[in-house]
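[1] Make a model of this:
(chains A and B)
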Amino acid sequence: MSQAAQTQEPSENTPIDMKDIVALCKRRGFIFAASDIYGGINGFWDYGPLGTELKNNLRDYWWKSMVTTPPIGPDGVPVQIVGLDSAIIQNPEVWVASGHVGGFSDPMVDCRETQKRYRADHLVILIPSDDTPWIATIEDDEDFLKARLKKVGKGKSLSDFTQKNLTEIDFSDFDKILAPDAKEKGTLTEPKEFNLLFETGIGASAQDKVTAYLRGETAQGIFINYKNVLDSCRVKMPFGIAQVGKAFRNEVNPRNFIFRSREFEQMEMEWFCHPDDAPKWFEFWKSERQKFWQTVGLNSDNILMRDHDADELVFYSKGTCDIEYKYPFTDPDFGELEGIANRGDYDLTQHQEHSKTKLEYLDPERNNEKYLPHVIEPAAGLTRGVLALLCEAYTIDPNRPSGAYMNFTPAMAPKKAAILPLTAKEEHVPLAQKLYLELREEFAIDLDIKQNIGKRYARQDEIGTPYCFTIDNDTVADGTVTVRERNTMAQERIAIDKVAEYLREKIKG
RNA sequence: GCGGGUGUAGCUUAAUGGUAAAGCUCCAGCCUUCCAAGCUGGUCACGAGGGUUCGAUUCCCUUCACCCGCUCCA
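    Here you go, the predicted model:
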């Protein structure tokens, strides 16, 4: 253990305040509130110069690990995955088939007294024949209703009431309704529709506009191109299609910085395989995806592989595992980072029916068996990944002037190195400029000349630059530079012509 | 979406019914041979809109944004 760590324990048990991370992100140019100078807009964020670099690094590594050099499969052969970039706006029918439009835009009502919210179609209303309050309950099984009546029914029995769903009741009668758990009647608000998809109109003239939707996930773009890819790219079962891109959801309540925002970025891969093999591939991808997040720098203690319980599964899912991360705002609990789902043939079935296009696969390696492939979907949030990287990297250290530093892995760090002449004098600057011009061909690096060296180290600490190369009098004399390592603040000297090789090795990890 | 809280510069804080002060940061210059030193100068704020008033950052209303709790997250 280092001396510094003995005198003042850096961060291990200090609770990290999300506010400090948000402040650093703004101060150093990682993430800004969207439309900041207009007062902001809820649920949207702009990525600044460094945030963009960080996001691109994570995205590129994902693309590399999926498409460029995908993993070796269980049989020892590299798996086959191709890339895709589908349109954000598709035929609206796509979202009807996927279930995003129609079934999920249920009206909701709020109770002003208890502040609870209910789906309007989930509330059962018992209407008495006299002018006593109408009784609302959240379940319609008989025992539950009887128990509810025992409490508030004033001795009446179930047969004294007419039973209706809230959706069948006119809003003008809402003032007679006693909401669940409420003491006063008439506390329910007017039902409001929640459609999580952003609507837009196609067509320049207002009259002729056709309603379309911004995609709520990138996955559907893959499913609807499954046949195109199959017919054009010489892929065969099993194979995957990967896509990175923006998705949009009208979240009811954007919260927690970029964790839940209305515009976000996803990295999704749909793995198509024979139904019999789906469970095997589900386990394979669970393990691969876990490794991915560890490689980009997340501590395994902060990652949780959480299999969904049977009652938590969406009806079509044959198994779902969330990869969760311990964000500061969920700590000690975890929040979703990626979901890996065995979706069966649900999506292809839906699109086959709605589009009336056959999507079955004729498998020559299985005696020309015809089947709808099953799908394993590792769907990660790119912007959530960025948030996890930021949270993981944020390290409080009272021993250094910045008070905290960003402990990114060299591969993820927005800047790989900074070239710092010790002084702004003539003897140091030209050497620094020369090194900078050489290194920038290969690495994202900074050249910083102004101000004293301590301030410049502090700035690089805060943006998470792993290495600083300092040019001093010895550089002039013997051609060596100081390497200053971010986490330990330790220094060593290496030859100036070995700097590129040094960096290359460190980034490779 | 509901309830509560907050809103003066990038940050931390002042003052005031007569349009705002300071420290740090930041920028420029000087100085500086290794961790936010020093000197000089400079940029930058009353979240937005409306009302009351001769005059509003201050009082009132609305709105926006952020934080906390609930809800939601297909």
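
[2] Just list the residues touching A:Lys246, thanks.
    Under the criterion of C-beta atoms under 8 Å, 6 or more residues apart in numbering, the neighbours of A:Lys246 are A:88, A:263-266. (C-beta placed from N, C-alpha, C; glycine too.)

[3] repeat that for 7 Å
    A:Lys246 makes contacts with A:88, A:263, A:265, as judged by C-beta atoms under 7 Å, 6 or more residues apart in numbering.

[4] Could you verify that it is part of a helix?
    No: when DSSP: H, G, I helix; E, B strand; the rest coil is applied, A:Lys246 is found to be strand, with no helix at that position.

[5] Return the distance of it relative to A:Glu492.
    Per C-beta to C-beta, to the nearest Å, A:Lys246 is found 43 Å from A:Glu492.

[6] Same question for A:Lys26.
    Taking C-beta to C-beta, one finds A:Lys26 at 34 Å from A:Glu492.

[7] And the two? Which one has more around it.
    Legend: neighbour count by other C-beta atoms under 10 Å for A:Lys26 and A:Glu492, higher for A:Lys26 (14 against 11).

[8] how about the residues of the stretch 351-500 of chain A near RNA strand B?
    Taking C-beta under 7 Å from any atom of the strand, the part of the stretch 351-500 of chain A that reaches RNA strand B is made up of A:400-403, A:422-425, A:427, A:450-455, A:457-459, A:462, A:470, A:472-474, A:482, A:484, A:489-491.

[9] Which of the residues you listed fall in strands?
    Assignment to strands by DSSP state E places the following of these there: A:470, A:482, A:484, A:491.

[10] May I have the predicted confidence score for the closest residue to the first one other than its chain neighbours?
    I take that to be A:Thr470. Spatial nearest neighbour of A:Thr470, chain neighbours left out: A:Thr482 (4.1 Å); criterion: C-beta to C-beta, 6 or more residues apart in numbering. Among the per-residue scores, A:Thr482 holds a pLDDT of 96.

[11] Pull the contacting residues for A:Thr482.
    The neighbourhood of A:Thr482, defined by C-beta under 7 Å, 6+ apart, consists of A:470, A:472, A:491, A:493.

[12] burial of the third one, as a residue count?
    Think A:Gln491. For A:Gln491, the tally of surrounding residues (other C-beta under 10 Å) stands at 11.

[13] what do you get for the last one?
    A:Arg493 sits with 14 neighbouring residues when counted by other C-beta under 10 Å.

[14] A strand includes it, no?
    Yes: in this structure, A:Arg493 lies within a strand as judged by three-state DSSP.

[15] That one and A:Tyr457, how far apart?
    16 Å.

[16] same thing with A:Leu422?
    As judged by C-beta to C-beta, A:Leu422 and A:Tyr457 stand 11 Å apart.

[17] Next: A:Phe30.
    Between A:Phe30 and A:Tyr457 the computed distance is 19 Å (C-beta to C-beta).

[18] between the two, which one's more packed in?
    A direct count of neighbours by other C-beta under 10 Å for A:Phe30 and A:Tyr457 places A:Phe30 higher, at 27 against 23.

[19] how about the residue nearest the centre of chain A, what does it touch?
    Within chain A, one residue has its C-alpha closest to the average C-alpha position: by C-alpha atoms, centre = their mean, that is A:Gly381, at 2.4 Å. Remark: with contacts taken as C-beta under 7 Å, 6+ apart, A:Gly381 is in contact with A:264, A:266, A:337-338.

[20] go again using 10 Å as the cut-off
    Under the criterion of C-beta atoms under 10 Å, 6 or more residues apart in numbering, the contact list for A:Gly381 reads A:247, A:258-261, A:264-268, A:336-339, A:387-388.

[21] cool, and A:Arg255?
    Neighbouring residues of A:Arg255 by C-beta under 10 Å, 6+ apart: A:42-43, A:261, A:329.

[22] Okay, and which of the contacts of A:Gly381 map to helices?
    The helices in this structure, assigned by DSSP state H, contain A:387-388 from the contacts of A:Gly381.

[23] ok, of the contacts of A:Gly381, which one's closest to RNA strand B?
    For the contacts of A:Gly381, the residue nearest RNA strand B by C-beta to the nearest atom of the strand is A:Arg260; the value is 6.1 Å.

[24] Let me know the pLDDT of that closest one.
    Per-residue confidence (pLDDT) for A:Arg260: 92.

[25] Now do it against A:Thr465, distance only.
    Between A:Arg260 and A:Thr465 the distance is 30 Å, computed by C-beta to C-beta.

[26] Between these two, which has more neighbouring residues?
    The residue with more neighbours, out of A:Arg260 and A:Thr465 and counting by other C-beta under 10 Å, is A:Thr465; that gives 27 against 19.

[27] if I pick the residue of the stretch 251-400 of chain A found nearest RNA strand B, what's in contact with it?
    Nearest to RNA strand B, among the residues of the stretch 251-400 of chain A, is A:Asn253, at 3.5 Å (C-beta to the nearest atom of the strand). Neighbour list for A:Asn253: A:42-43, A:260 [criterion: C-beta under 10 Å, 6+ apart].

[28] quick one: A:Arg459 from A:Ile177, how far?
    Using C-beta to C-beta, one gets 60 Å for the distance from A:Arg459 to A:Ile177.

[29] Pick out whichever of the two has more residues nearby.
    For A:Arg459 versus A:Ile177, the count of surrounding residues by other C-beta under 10 Å is larger for A:Ile177: 24 against 17.

[30] Please report the distance of the closest residue in space to that one that isn't next to it in sequence from RNA strand B.
    What sits nearest to A:Ile177 in space, not counting adjacent residues and going by C-beta to C-beta, 6+ apart, is A:Trp134, at 4.6 Å. Plainly put, A:Trp134 is 21 Å away from RNA strand B if you go by C-beta to the nearest atom of the strand, to the nearest Å.

[31] close enough to count as contact, A:Trp134 and A:Lys176?
    Yes: contact criterion C-beta atoms under 10 Å: A:Trp134 and A:Lys176 qualify, at 4.8 Å.

[32] And RNA strand B, is stretch A:268-281 touching that?
    No: looking at stretch A:268-281 against RNA strand B by C-beta under 7 Å from any atom of the strand, there are no contacts, and the closest approach is 13.8 Å.

[33] In that stretch, which residues are buried?
    Under the neighbour-count criterion of 16 or more other C-beta atoms under 10 Å, stretch A:268-281 has A:268-274, A:277-278, A:281 buried.

[34] before we move on, back to that, pick the one among the contacts of A:Lys246 closest to A:Phe223.
    Distances from the contacts of A:Lys246 to A:Phe223 were compared by C-beta to C-beta; the smallest belongs to A:Ile88, at 15.4 Å.

[35] I'd assumed A:Gly245 was in contact with the closest one.
    Yes: taking contacts as C-beta under 10 Å, A:Ile88 lies within contact range of A:Gly245: 7.2 Å.

[36] quick one: terminal-to-terminal distance for stretch A:395-409?
    13 Å (C-alpha to C-alpha, to the nearest Å).

[37] now swap in stretch A:177-187 and tell me
    As for stretch A:177-187, its first-to-last residue distance stands at 8 Å under the measure C-alpha to C-alpha.

[38] Run through who's touching that stretch.
    Residues lying outside stretch A:177-187 but in contact with it, judged by C-beta under 10 Å, 6+ apart, are A:109-116, A:118, A:123-127, A:132-139, A:148, A:152, A:166, A:169, A:173-176, A:188-189.
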